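**Student:** Predicted structure and sequence below. I'll ask about it afterward.
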Amino acid sequence: MREEGLQRAIDAAGGVGALARSLGIRQPSVSTWTKVPADRVLAIEALTGVARKMLRPDLYPVDGDAQLASAPIDEIELARAHEYLLLARLLRRAPDAKLLSELSHLRGDVSPIGMARMQLAEAANRYTEAEVASEYFALFIGIGRGELLPYASFYLTGFLHEKPLAYLREDLGQLGIERTDGNFDPEDHLGLLLEVMGGFANGTFEADLSRQHQFFDRHIAPWAGRCFADIGVSPSANFYKAVANLGNCFMELEREAFLIDA
């Protein structure tokens with residue numbers, strides 16, 4: 001029988017298969033788990049937003065974790081993490097019916113990002129799981145390749161596996177962030193980069209605001225806006241026009257916030 005933390009992570013990811021794909025491992029491996037393996041806790045926390053102390057309370061006890069008790073994550077950081085991880089999830093795979101239902105209840109305000117959230121909610125309510133899956137396939141997978149290649153190397157050099165990927169791997173190594181076994185997707189995929197930023201914001205990966213700013217400026221800011229713009233004008237994009245709008249608004253908000261902090 002699965003422990004509660006593992007079941008919550010599976011539900012948040014959209015099922016056993018979805019969690020396995022996000023981790024870059026085979027579905028049968030996840031199917032055999034009764035609890036989250038110790039070496040997967042931080043990755044699953046970053047992917048699903050389920051806290052490590054829920055995933056493995058034996059390793060991260062609520063009362064015994066002095067670091068968490070002394071340095072709680074504030075609401076702004078949790079909101080940043082949620083936005084990053086949501087965009088990352090939508091770029092890494094097509095949303096299932098459960099996620100579309102959750103997105104359809106998003107609320108916003110008159111700010112640009114609030115309006116973008118409302119647009120995403122409207123799109124989630126309008127399109128079916130099958131329609132969005134077909135759209136995602138055309139945009140990012142395709143027959144041979146999708147319409148778009150959301151990788152830093154491609155956007156910055158015109159080719160995959162170029163210097164931007166090498167520089168990213170150096171920085172990830174210095175931060176102690178390792179590639180998941182069995183995941184052969186280059187690490188400079190925009191979804192993966194946004195996952196890292198979400199992990200910074202929710203405390204999964206240790207990095208102060210200065211380090212986050214440096215990572216954002218080096219690996220995301222030079223090209224993410226162009227990628228989201230390309231998604232937004234693609235003839236295949238319907239639901240993903242709203243995703244692109246939210247992505248652009250959030251990238252601009254982060255850019256301005258980092259400049260203020262600097």
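**Tutor:** That came through, no problem.

**Student:** how deep is E75 tucked in, by neighbour count?
**Tutor:** Using other C-beta atoms under 10 Å, E75 has 8 other residues around it. C-betas here are computed from N, CA, C, even on glycine.

**Student:** And the helix or strand where L120 lies, what's buried?
**Tutor:** Using DSSP states H and E, L120 falls within helix 112-126. Within helix 112-126, the residues that count as buried by 16 or more other C-beta atoms under 10 Å are P112, I113, A116, R117, M118, Q119, L120, A121, A123, A124.

**Student:** tell me the contacts of the fourth one?
**Tutor:** Read that as R117. L106, R107, G108, L246 (C-beta atoms under 8 Å, 6 or more residues apart in numbering).

**Student:** hmm, 10 Å instead?
**Tutor:** Counting by C-beta atoms under 10 Å, 6 or more residues apart in numbering, R117 touches 83, 86, 103, 106-109, 111, 242, 245-246, 249-250.

**Student:** domain parsing for the protein?
**Tutor:** 4-70, 75-261 (automatic domain parsing).

**Student:** Give me the average confidence score over the last one.
**Tutor:** Confidence over domain 75-261, taken as the mean pLDDT, stands at 94.

**Student:** now the shortest one
**Tutor:** Model confidence over domain 4-70, given as mean pLDDT, is 76.

**Student:** Tell me how far the most centrally placed residue in the chain lies from A43.
**Tutor:** Nearest to the mean C-alpha position of the chain, counting by C-alpha atoms, centre = their mean, stands A88 at 2.4 Å. Counting by C-beta to C-beta, to the nearest Å, the separation of A88 from A43 is 12 Å.

**Student:** what residues do these two have in common as contacts?
**Tutor:** Common neighbours of A88 and A43 (C-beta under 10 Å, 6+ apart) are S22, E195, G199.

**Student:** Just give the closest residue to L120, not the sequence neighbours.
**Tutor:** A242 (4.3 Å; C-beta to C-beta, 6 or more residues apart in numbering).

**Student:** Now do the same contact list for that neighbour.
**Tutor:** So A242 contacts 90, 103, 116-124, 126-127, 232 (C-beta under 10 Å, 6+ apart).

**Student:** cutoff 8 Å now
**Tutor:** A116, Q119, L120, E122, A123, A124.

**Student:** likewise A221?
**Tutor:** M251, R255.

**Student:** rerun that using 7 Å as the cut-off
**Tutor:** R255 (C-beta atoms under 7 Å, 6 or more residues apart in numbering).

**Student:** Could you do E206 as well?
**Tutor:** No contacts exist for E206 under C-beta under 7 Å, 6+ apart.

**Student:** Same check on the one 10 residues further on?
**Tutor:** Taking C-beta under 7 Å, 6+ apart as the criterion, F216 is in contact with M197, E254, F258.

**Student:** Select from those the one having the most neighbours.
**Tutor:** M197 (25 neighbours).

**Student:** which secondary structure element contains it?
**Tutor:** M197 belongs to helix 190-202, assigned by DSSP H and E.

**Student:** That helix - contacts with which helices or strands?
**Tutor:** Helices and strands touching helix 190-202, by 3 or more C-beta pairs under 7 Å, 6 or more residues apart in numbering; DSSP states H and E, are helix 41-48, helix 75-92, helix 209-219.

**Student:** 6 Å - rerun?
**Tutor:** helix 75-92 (3 or more C-beta pairs under 6 Å, 6 or more residues apart in numbering; DSSP states H and E).

**Student:** now what about the helix it packs on, what contacts it?
**Tutor:** With C-beta atoms under 6 Å, 6 or more residues apart in numbering as the test, helix 75-92 has contacts from G49, L190, G191, L194, E195, M197, G198, A201, N202, V243, G247, F250.

**Student:** can you check stretch 146-154 too?
**Tutor:** 139-140, 160, 162, 164-165, 186, 188-190, 223, 227, 230, 234, 236.

**Student:** Understood, closing this out.
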